[in-house]
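Q: Turn this into a model:
(2 chains)
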Amino acid sequence: MKRAVLIALAVVVAAAGALVVLWPRAVEAQPQLAESAQLRFVLTPASTKSGSNTFDLRITDRAGNPVPGGDVTVEPAMPRMGHAIAPITARQLEPGHYQAADVGLFMAGQWEITVSLSAERVVIPLLLT
Amino acid sequence: MKRSGVILLLALGAILGIAAPAAADGVMSGGDVHVAQSLGDRDLTVIIRRVAEVPGPVHVDVVTHAGSPPGEVTLTARAAGAPTSTAKVVLGATPGFYSGVVQVDRPGPWELAVDEATIPFVVPAVVASPWEKTTYGGFIAAGLLLFVALGFAVFGRPGLALVPTAGMVAAIAVGVTAALLSPSIPPVAAPGTQLDPTYDNVMNPYERTSTADFSRPPVNLVPSLKGQDLVLSLTDGSSGRPVDDLLVHDSAFIHLVVVSPAGNLRHLHPVRTAPGEYRARLRDPEQGTHAIAAEIARRGGGVQLLRSRVDVSGTAAATPHDGKAELTEEIREAGRPSTITARFGERDLQPWLGMLGHMIVVGPVTGAAADAPIWAHVHSMIPPTPGLPDQPDESVAAYGPDVPFTYSFPLPGKYLVWIQVERDYSVVTVPAVVEVPAAKGVAEK
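A: Now for the predicted structure:
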């Protein structure tokens, strides 16, 4: 009886260990920070998979105050393939908070996302799987 | 009695599990090689299909394009010390696929000759990796040890059975560790793309080298004319020796763009005729200085652009390009991405050189194209389409009609632009002129 309990316990421990090791983890999309001379850009992609993507952008000055208004452009490019796609103008949700929807990042790999607000530009690397 | 039944079942399961075929596919499973060849008066694409078994046949497709004269080409496969295999392919008058089969009898570096053009290629060997061998070895050893333990238990020596049981646990640990760690082992340098291929390194690709940086020196390009043929001599920029390690990139050894004095463009793919020597025919050339630019990739990585000029004593009058497309241009100031979208009526474009479209940009022009500071080759990639292959060949005529390009013109001024796509096995060239405004006063960076 005791032995059966021990075996059952061992099986449970082994199964739990296997689950912890082998459980497929989704890669969380992390916010990416970049700074230009005056501004601070934080880009959070909706997904880290290739395909249609949405970028959430927060643009503040170096002190952390939201920057009002302006034309925010997102320019995705894939340096290894030598390929760029058409720039996208981001929509302002609230001052300092922008969204670029429907960004067609059709291929997995290393992308370079150039974000610009008037003359301030930053390049944010983004790795897609 | 019940327990030994269970053990027997487990043992049988283990044996059956091992008996499943160990499908070892090495790192070099290989793929089709597509090479565009401007061979004499013909524009061909030679497709060397993946070699399934060695010794065995190599299927070669020769794709002809509009304007290719019918006739016969000879395919020859040769390698040092191997019997030469020859096949004749009769090319018809209609553009399309014509096939031939040659034989290879060993893995390693081979050369396919199409008349005088030679294409080096590698026939891969199927080699199991060390970690595959460790994984399978571990599980096989575990299975055998299980049988030994079973034998001891059945013949009444349960004490002795502990020894093979411990061995079995160790063998399983080895196999599982190798299997779990193998995805994180970095790939070895591939013969053919990073290393010069030899029979030995194709047969044993898992021999590690101490080299970490495989890139090679830049190349000097010297063009000359021999009759109607433009002959390119490529020499190493550091040693002066002929450069004979070009990789197939974007489906050609060399992408040669020739711009005539009148502003007409030719996109040729010279054939290799000797080590470091490539040729392409200039049909009906114009008189004057032609600007030429060659894109190459050497073994070890990196693409280079080689620009030069060549004086041609032609007689033909300039024939303008007759390609038509509806162009939508959104030109931004210099340094910002501009987009040009060409619309080609029907949705029946074919991939050309693995791409939906090519855009050649030369400028800003004030005089001759050869003096323009910027020379660019922009691609429009094939969008991943459900239901269609990832890397389709030219037989898939299902793309377009919109062909978008994005390019940041680095300098303000007047640029000559040519957009090229393929339809009905014929390359359509649409010329355009683009004016790029200067960047606005604000300091950028």
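
Q: Show me which residues of chain A sit near chain B.
A: When proximity is defined as CB under 8 Å from any CB of the partner chain, chain A approaches chain B at A:75, A:77, A:81-87, A:106-107, A:118-119, A:121. All C-beta atoms are positioned from the backbone trio N, CA, C, and that covers glycine.

Q: same thing but at 10 Å, please
A: Chain A has residues A:21-22, A:36-37, A:50-51, A:73, A:75-78, A:81-87, A:104, A:106-107, A:114, A:116, A:118-121 near chain B, with proximity defined as CB under 10 Å from any CB of the partner chain.

Q: buried subset of these?
A: If you count burial by 16 or more other CB atoms under 10 Å in any protein chain shown, the buried members of those come out as A:36, A:50, A:73, A:75-78, A:83-87, A:106-107, A:114, A:116, A:120-121.

Q: Please, where are all the strands along chain A?
A: For chain A, the strands defined by DSSP state E occupy A:32-35, A:39-45, A:51-61, A:72-78, A:83-84, A:88-89, A:91-94, A:97-105, A:109-117, A:120-128.

Q: Same check on the stretch 301-445 of chain B?
A: For the stretch 301-445 of chain B, applying DSSP state E, counting those that start in this stretch gives strands covering B:303-313, B:326-330, B:337-343, B:357-363, B:374-380, B:402-408, B:413-423, B:426-436.

Q: looking at those strands, which is buried most?
A: strand B:357-363 (a mean of 23; mean count of other CB atoms under 10 Å in any protein chain shown).

Q: Tell me the spacing between the residue nearest the centre of chain A and chain B.
A: By CA atoms, centre = their mean, chain A has its centre lying nearest to A:Pro45, at 3.2 Å. Distance of A:Pro45 to chain B, given as CB to the nearest CB, to the nearest Å: 19 Å.

Q: Which residue is the nearest non-sequential neighbour of that residue?
A: A:Ala29 (4.8 Å; CB to CB, 6 or more residues apart in numbering or on different chains).

Q: and the one you found, what is it in contact with?
A: A:43-49, A:53, A:55-56, A:126 (CB atoms under 10 Å, 6 or more residues apart in numbering or on different chains).

Q: rewinding a little: the residue nearest to the centre of chain A reaches A:Gly51, doesn't it?
A: No - if you go by CB atoms under 10 Å, A:Pro45 and A:Gly51 don't touch, sitting 11.1 Å apart.

Q: Between the two, which contacts overlap?
A: Counting by CB under 10 Å, 6+ apart, the residues touching both A:Pro45 and A:Gly51 are A:103, A:105, A:128.

Q: What does the pLDDT read for B:Gly5?
A: As predicted, B:Gly5 sits at a pLDDT of 53.

Q: So for residue 26, what's the pLDDT?
A: Answering for chain A, as no chain was given. For A:Ala26, the model assigns a pLDDT of 61.

Q: wrong one, I was asking about chain B
A: Note for B:Gly26: predicted pLDDT of 31.

Q: Next: B:Leu16.
A: pLDDT, read off for B:Leu16, is 45.

Q: what residues does the stretch 301-445 of chain B put near chain A?
A: So far as CB under 10 Å from any CB goes, the stretch 301-445 of chain B lies against chain A at B:303, B:330, B:332, B:335-341, B:355, B:376-384, B:404-408, B:439-445.

Q: which of the contacts of A:Ala29 lies closest to B:His267?
A: Nearest to B:His267 among the contacts of A:Ala29 is A:Leu126, at 32.7 Å by CB to CB.

Q: Setting the sequence-adjacent residues aside, check what's closest to the closest one.
A: Going by CB to CB, 6+ apart, A:Leu126 has A:Trp111 as its nearest residue, at 4.6 Å.
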